[in-house]
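1. Structure, please.
(one chain, ligands or ions: 2)
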Amino acid sequence: MKILGIESSCDETAASVVEDGTKILSNVVVSQIDIFAEYGGVIPEVAARSHLEAILPVIDKALKDANSTWDDIDAIAVTHAPGLLGSLLIGTLTARTLAILHNKPLYATHHLKSHVYANWLEGSTDISFPILALVISGGHTQILYMKKHNDFKIIGTTTDDAIGECFDKVAKILGLPYPGGPSIAKAAEKGNPEKYKFPHPKTAEPLNFSFSGLKTAVLRAVQKDCGLPISHPSHDLKNHLTEAQINDFAASFQKTAIDILLEKLNLAKEQYEVRSILFAGGVSANSALREKAKDAYFPSPKFSGDNGAMVAAAAYFEIKDGKQPTDPYTLNIYPRIEIN
Ligand code: KG4
Ligand code: ZN
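-> Ligands and ions are numbered 1, 2, ... in the order given. Below you'll find the predicted structure:
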């Protein structure tokens, strides 16, 4: 079964043709990183406009690269939630229109489930259930327990910032370029992870996360190290830091963030007997994390971030379990708000 997967939930416009949930026939990703590097973060309105420009050429290329025509495509899968509203609208409206035009079944796919299913791409078929999956991305940090395919129980989640967001915000304090995750990882290679000690936040529910305190702890430590008061604006701190300090802060922060993740994972392992551990989402590209969690499964780094292949993979496993297509005329990206 050949599925065209379409993804546009944040700042990547992506499409991919995947056969039977694992075999990637094409994978096209147009990233808006260059646009947002200048601003240090994503501007939703600009992201939506960029998706609008890119989406049809991206889908065309995905079909061409897969040596496929519309006749070869069995279904269309599209990310419908969660994500930036304008960005999601471009992907879902495009998918709905194409499904009607080419008379293809349409499957609305959840972004975080797609990240998890990136682990099945390229044939990691020895993953066995039950599973603990850690979804660590720019917008989410969750521990999921999966008894079987398509059976997701959220057993831990962040109570404030997501881990990727924390990487991005700490990078901004240190004056490292957007996106912060890869920049921190690169600087950390040259730094001392033991130089600064940061607290491991406590949460009322032990499996939940909290990352906003860690970001503030880094901010205070930078101000202190530079001999500046806590009122000193964070955007100016980079002008007071040496390269060695930046590298040490990056390494110490990264170590703390990874240690927190692994601590929570160990707690979850005590409560849930599982046969496999999976990581998923943009932060799972982090090589220091991969090094420390050697027994776990990770998607290939090029499928850690947002892409269309994982959307097609997630839809395939849902279809196999009997999921019915969505009506392309009525698909909502957010549940309707009932007004009494
Ligand atoms: O999954 P993703 O592409 O988008 C969301 O669904 O949010 O994740 C993006 C996040 C960003 O915060 C980015 O800084 C982070 O993933 N990231 C990394 C690395 N590569 C990307 N964080 C740590 N280390 C990396 N190597
Ligand atoms: Zn994502």
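
2. Name the residues of the stretch 51-200 of the chain found near ligand 1, please.
-> Within the stretch 51-200 of the chain, the positions near ligand 1 by Cβ under 6 Å from any ligand atom are 137, 138, 139, 164, 165, 167, 168, 179, 180, 181, 182, 185. Quick note: C-beta positions are derived from backbone N, CA and C, even for glycine.

3. Those: which two are farthest apart?
-> 139 and 185 (18.8 Å; Cβ to Cβ).

4. Just the helices from this protein, written as ranges.
-> Using DSSP state H, the helices of the chain run over 33-37, 44-65, 85-102, 111-117, 163-174, 180-188, 212-225, 243-271, 287-292, 308-320.

5. Output the contacting helices and strands for the shortest one.
-> Applying 3 or more Cβ pairs under 8 Å, 6 or more residues apart in numbering; DSSP states H and E, one finds that helix 33-37 contacts helix 44-65.

6. Off-centre distance for the helix or strand of the chain with the lowest mean pLDDT?
-> Least confident helix or strand, the chain: helix 33-37 with a mean of 86, by mean pLDDT, DSSP states H and E. In terms of Cα atoms, centre = their mean, to the nearest Å, the centre of helix 33-37 is set 17 Å apart from its chain centre.

7. Pull out the CA atoms of it and give them to me as CSV.
-> Only the C-alpha atoms of helix 33-37 are listed here, as CSV (Å, rounded to 0.1, in the frame of the first residue of the first chain):
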residue,chain,number,x,y,z
ILE,A,33,15.0,27.4,9.2
ASP,A,34,16.8,30.0,7.1
ILE,A,35,13.9,32.4,7.3
PHE,A,36,13.5,32.0,11.1
ALA,A,37,17.2,32.0,11.9
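
8. Is any residue of that helix near ligand 1?
-> No. With Cβ under 6 Å from any ligand atom as the measure, helix 33-37 is seen stopping short of ligand 1, the closest distance being 9.8 Å.

9. tally of neighbours for the nearest residue to residue 37 once chain neighbours are set aside?
-> Among residues not flanking residue 37 along the chain, residue 178 sits closest, at 5.0 Å (Cβ to Cβ, 6 or more residues apart in numbering). Around residue 178 sit 18 other residues, with neighbours defined as other Cβ atoms under 10 Å.

10. Surely residue 19 touches residue 2?
-> Yes. With contacts counted by Cβ atoms under 8 Å, residue 19 reaches residue 2, the gap being 5.2 Å.

11. Quickly list what's touching both of the two.
-> Residues touching both residue 19 and residue 2 (Cβ atoms under 8 Å, 6 or more residues apart in numbering) are residue 25.

12. Quick one: name the residues of the stretch 201-340 of the chain near ligand 1.
-> So the stretch 201-340 of the chain meets ligand 1 at 281, 282, 283, 285, 286, 305, 306 (Cβ under 6 Å from any ligand atom).

13. If we use 8 Å, what do you get?
-> For the stretch 201-340 of the chain, the residues in contact with ligand 1 (Cβ under 8 Å from any ligand atom) are 254, 281, 282, 283, 285, 286, 287, 289, 301, 304, 305, 306.

14. Next one: the last one from residue 181, what distance?
-> Computed with Cβ to Cβ, to the nearest Å, the distance linking residue 306 and residue 181 is 13 Å.

15. likewise the fourth one?
-> Note on residue 283: its distance to residue 181, by Cβ to Cβ, is 6 Å.

16. Same check on the first one?
-> Counting by Cβ to Cβ, the gap from residue 254 to residue 181 is 9 Å.

17. Those two: who's more crowded?
-> Ranked by neighbour count (other Cβ under 10 Å), residue 254 and residue 181 place residue 181 first, with 28 against 23.

18. Identify the residue nearest the more buried one in space, chain neighbours excluded?
-> Computed as Cβ to Cβ, 6+ apart, the closest residue to residue 181 that is not its neighbour in sequence is residue 167, at 4.3 Å.

19. Tell me which residue of the stretch 1-150 of the chain lies closest to ligand 2.
-> residue 137 (4.5 Å; Cβ to the ion).
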